[in-house]
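K.L.:
Could you work out the structure for the sequence below:
(one chain, ligands or ions: 1)
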Amino acid sequence: MGQLTITEDFPKNQAAFDARFNTEEACQAYLFKLRWPDGFVCTQCSDKRHWKSSRGLYICYRCEHQHSVTAGTIMAGTRKPLVAWFKAMWWFTTRKSGVNAINLQDLLGLGSYNTAWRWLQKLRSCTVRQSREKLSG
Ligand SMILES: [Zn+2]
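P.N.:
Numbering: from 1, shown residues only. Sure thing, here's the model as predicted:
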């Protein structure tokens, strides 16, 4: 399924995480940087100019191709806030042992156990790639 990359830039502890990923914009900015580390480039025509739609899509100025920062990730097509997904991913990656749907439902205040269960299945199916810290010397 999707791939989740935790970069060196990712917060190291709960407090740092909470302070950073508390808005949709912050989560989007993180995903944007993963997708386009050197700034936006259109996948269709390589143009660098873009604008952002009200729905959070990045639209190429030249060919009008719509890019979503969540495409290809477990968050693709989600109607839930990115903040909730980030929280779930953080929780999942920092507590590898003993995670279950009830914990997740509680963490996110999800209305239904089924939703929590589906999220957990998605999280389990995704590859977490930890980008290595560079070794010096
Ligand atoms: Zn384009």
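K.L.:
Thr70: what's it in contact with?
P.N.:
Leu31, Ala76, Gly77, Thr78, Leu82 (CB atoms under 8 Å, 6 or more residues apart in numbering). Yep, even glycine has a C-beta here, placed from its N, CA and C like the rest.
K.L.:
Quick one: buried ones out of the residues you listed?
P.N.:
Burial by neighbour count, 16 or more other CB atoms under 10 Å: within these this picks out Leu31, Leu82.
K.L.:
any idea which of the contacts of Thr70 is closest to Gly39?
P.N.:
Leu31 (14.1 Å; CB to CB).
K.L.:
which phi and psi does that closest one have?
P.N.:
Dihedral pair for Leu31: phi -70, psi -40, per degrees, to the nearest 10.
K.L.:
where does the residue lying closest to Phe32 once chain neighbours are set aside land in three-state SS?
P.N.:
What sits nearest to Phe32 in space, not counting adjacent residues and going by CB to CB, 6 or more residues apart in numbering, is Val69, at 5.3 Å. Following DSSP: H, G, I helix; E, B strand; the rest coil, we place Val69 in the coil state.
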